[in-house]
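# what's the 3D shape of this:
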Amino acid sequence: MEVHGACHCRAIEFTAHIDPSSVVLCHCTDCQVMSGGPYRSIAQANEGDFKLVKGALTLYHKVGDSGNSRELGFCNLCGSHIYATSCLKDHDSKSNRILGLRAGTLAEAGELPPKLQVWCQSLIPWAQDITALPQKERQ
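Model (predicted):
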């Protein structure tokens with residue numbers, strides 16, 4: 001499936017081909033802190049299937065909860081996170097890397113229900129069922 005993404009300020013725009021069955025919810029503490037929420041929805045894409053259409057990503061490198069080196073691509077103007085992946089030094093070529101695209105940046109996010117939850121050891125229990133909470137169309 002082809003997806004179209006952008007950061008909040010639209011300084012970054014991209015397209016990618018993803019497998020909709022690869023969408024996951026990640027409950028790791030890195031995703032909680034970096035998203036400001038209890039989890040993050042992620043759509044996986046081969047790096048070779050990712051095309052930056054507009055702008056330039058800023059890269060941030062860190063060691064993730066897994067102990068692996070991670071590269072995070074984001075917009076340096078609005079701070080939107082675009083993807084996370086393994087560091088290039090750990091791979092032979094870019095075509096071997098899988099980008100964890102932040103599903104909230106995708107125009108097609110509503111068509112990408114998650115198929116799996118990962119890092120559930122750090123999930124926030126109250127975020128598992130919010131259906132009973134009152135709802136408002138707008139704030």
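
# packing partners of the helix or strand hosting residue 83?
According to DSSP states H and E, residue 83 maps onto strand 81-86. With contacts taken as 3 or more Cβ pairs under 8 Å, 6 or more residues apart in numbering; DSSP states H and E, strand 81-86 sits against strand 69-74, strand 98-102. C-betas here are computed from N, CA, C, even on glycine.

# other residues contacting it?
Residues from elsewhere that reach strand 81-86, judged by Cβ atoms under 8 Å, 6 or more residues apart in numbering: 5, 7, 12, 14, 34-35, 42, 47, 50, 57, 64, 68-75, 97-102, 105.

# any idea how far residue 111 is from residue 58?
Distance of residue 58 to residue 111, given as Cβ to Cβ, to the nearest Å: 28 Å.

# hang on, I meant residue 130
For residue 130 relative to residue 111 (Cβ to Cβ), the value is 21 Å.

# what's around the closest residue to residue 29 other than its chain neighbours, how many residues?
For residue 29, ignoring the flanking residues on the chain, the nearest one in space by Cβ to Cβ, 6 or more residues apart in numbering is residue 122 at 5.2 Å. The local packing of residue 122 (other Cβ atoms under 10 Å) involves 15 other residues.

# now the helices and strands packed on strand 81-86 in TSV, with mean neighbour count?
Formatted as TSV, the helices and strands packed on strand 81-86 follow (neighbours: other Cβ atoms under 10 Å):
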stretch	mean neighbour count
strand 69-74	19
strand 98-102	23
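
# got CSV for those, with mean pLDDT and distance to residue 27 too?
Formatted as CSV, the helices and strands packed on strand 81-86 follow (pLDDT from 0 to 100; distance: least, Cβ to Cβ, whole Å):
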stretch, mean pLDDT, distance to residue 27
strand 69-74, 90, 16
strand 98-102, 94, 14
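
# of all these, which lies closest to residue 139?
The minimum distance between residue 139 and those falls on strand 98-102, with 22.9 Å, by Cβ to Cβ.

# the closest one: what's the following helix or strand?
As assigned by DSSP H and E, the chain's next helix or strand after strand 98-102 is strand 116-118.

# all helices of this protein, in order?
29-35 (DSSP state H).

# low-confidence regions, it specifically.
By pLDDT under 70, the low-scoring segments of the chain are 65, 88-95.
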